[in-house]
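Enquirer: I would like the atomic coordinates for the input below:
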Amino acid sequence: MLIASPAPDGSFDVDERIWLRQPVGTLTLRPGPIDRAGRGFVSASATATQVRLRAGDRPVAVPDDEIDRVSTLPVAEGDRFELRYRLTDVTVLSTPSSSGRALAAIGPLTGNVPDDLPVHFIVTGSTVLGLNCPLLAFGEQSCGSRLGTEPGFQHELPAQRALVTVQFDLPPG
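Expert: Model (predicted):
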């Protein structure tokens, strides 16, 4: 499960909860493949900062508290992990469009998981306008459903296609 909400600078605060089918002794972290979201993201270099990782109830040190490339970390043998981080350099302004309208690409920080492992995206906030799933067939790309009475959208994808674009207005600073 990946829960994200936009910050005024276009970054996203993310809480990622991972439940694997089998215990592991290492966890692979890497920026999501946002270059696959379309031409506007080719030069983006998604980086996770302020990274906090827990394996079960134990904290795990993340070098420099940052992930900007593939990193494999030793963890206590387990199948449940939690990541909290700030995702930067994933947002582009939408032009031509309303002032402050933006598009962000978000994928999980966790890598090297089974292709069919489900990833449930929840993107919250009153400025979030919709979700798109660029790795699905064209007719299925408009993929987000509302979060009931809460502001935001959700959608579940298999890990091999776990990438969404979020249309949103930059929140007031």
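
Enquirer: list the buried ones in stretch 142-157?
Expert: 143-144, 152-155, 157 (16 or more other Cβ atoms under 10 Å). C-betas here are computed from N, CA, C, even on glycine.

Enquirer: same deal with stretch 75-85?
Expert: In stretch 75-85, counting by 16+ other Cβ under 10 Å, buried: 75, 78, 81, 83-85.

Enquirer: okay, now the unreliable bits of the chain?
Expert: The model of the chain has pLDDT under 70 over residues 96-97, 173.

Enquirer: can you rerun that using 90?
Expert: 32-33, 39-40, 42-45, 76, 93-101, 144, 146-152, 170-173 (pLDDT under 90).

Enquirer: hmm, back to that, max pairwise distance over the buried residues of stretch 142-157: which two?
Expert: Greatest spacing in these, by Cβ to Cβ: 152 and 157 (16.4 Å).

Enquirer: just flag the most distant two among the buried residues of stretch 75-85.
Expert: Farthest-apart pair in those is 78 and 85; separation 19.3 Å (Cβ to Cβ).

Enquirer: and the spatially closest residue to residue 40 that is not a sequence neighbour, what is it in contact with?
Expert: In this structure, residue 40 finds its nearest non-sequential neighbour in residue 92, 4.7 Å apart by Cβ to Cβ, 6 or more residues apart in numbering. Counting by Cβ atoms under 8 Å, 6 or more residues apart in numbering, residue 92 touches 40-41, 44, 102-104.

Enquirer: just the ones of these in helices?
Expert: Assigned to helices by DSSP state H, none of these qualify.

Enquirer: out of those residues, who's the most crowded?
Expert: Highest neighbour count within the contacts of residue 92, by other Cβ atoms under 10 Å: residue 104, with 26 neighbours.
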